[in-house]
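> Got a predicted structure here, sequence first:
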Amino acid sequence: MTGPVLWALMGHWRRNPLQLFTVLAGLALATALWSGVQAINAEARASYRLAADILGSADRAQITARVGGSVSVADYVALRRGGWRVSPVLEGRYDGIRILGIDPLTVPRGGGGLPEFNRTDIGAFLTAPGLILGRAEVLDRLRGRTLAGFETRPLLAPNTAVMDIAVAQELLDVDAGWTRLMVDPKQPLVQV
């Protein structure tokens with residue numbers, strides 16, 4: 001059965017070679033288009049995943065203040081004393097740069113777009129004048145505006161600088177309160 005059908009099609013396309021060319025070209029174009037769309041979608045998914053990790057919204061629960069307010073130190077202390085693993089974050093903009101002030105001792109490890117810290121980093125973060133992490137172009141824009149040291153971290157989000165909360169408060173001219181509290185996904189069993 002297949003033979004006569006193929007023979008009939010071949011006979012038709014022998015008389016109309018332009019139709020054969022358009023069918024083959026259409027199939028090739030459709031295959032190329034499908035492959036291209038799949039590649040673009042895969043790249044977009046990877047980019048969205050990376051952006052979510054960089055911005056810290058991937059799998060992190062957060063406690064934020066009401067609109068226009070800030071999370072108080074008293075709220076933070078009450079949660080910590082209650083056994084919750086939370087970490088303060090101060091976020092703001094300075095000269096178009098996203099400033100991210102964190103506490104490296106309480107920040108949840110892994111993900112969240114935050115750099116991993118070793119003992120040297122934490123020491124530099126916590127001792128005066130502090131340490132600012134970011135991409136080279138961001139750090140160049142901040143030089144001369146603070147006494148803190150600088151360390152290049154090319155994997156951080158573009159246009160973002162990460163520093164200790166005290167350095168961020170000084171740079172952003174903020175006296176008290178934080179933008180949000182990050183909740184560590186690994187809480188003690190009592191809290192779950």
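Arrived safely.

> Assign a three-state SS to the spatially closest residue to Arg143 that is not a sequence neighbour, would you?
Of all residues beyond its chain neighbours, the one nearest Arg143 is Phe150 (6.9 Å), with distances taken as CB to CB, 6 or more residues apart in numbering. Yep, even glycine has a C-beta here, placed from its N, CA and C like the rest. Of the three states, Phe150 takes strand under DSSP: H, G, I helix; E, B strand; the rest coil.

> what's across from Phe150 in the sheet?
Beta bridges link Phe150 to Ile132, judged by DSSP bridges.

> How about Val162?
Leu100, Leu133.

> picking that back up, right, and the residue nearest to Arg143 touches Glu137 too?
No: using CB atoms under 8 Å as the test, Phe150 is too far from Glu137 to be in contact (11.8 Å).

> just checking, what packs against the lengthiest helix in the chain?
Counting by DSSP state H, the longest helix found in the chain is helix 17-55. On a contact count with 3 or more CB pairs under 8 Å, 6 or more residues apart in numbering; DSSP states H and E, helix 17-55 meets helix 2-15.

> The helix it packs on - contacts with which helices or strands?
Helix 2-15 packs on helix 17-55, going by 3+ CB pairs under 8 Å, 6+ apart.

> Just the mean pLDDT for the helix it packs on, thanks.
For helix 17-55, mean pLDDT rounds to 87.

> angle of that helix against helix 2-15?
100 degrees (axes from the mean of the first three to the mean of the last three CA atoms, to 10 degrees).

> Following helix 17-55 in sequence, what is the next regular element?
Next helix or strand after helix 17-55 toward the C-terminus (DSSP states H and E): strand 61-64.
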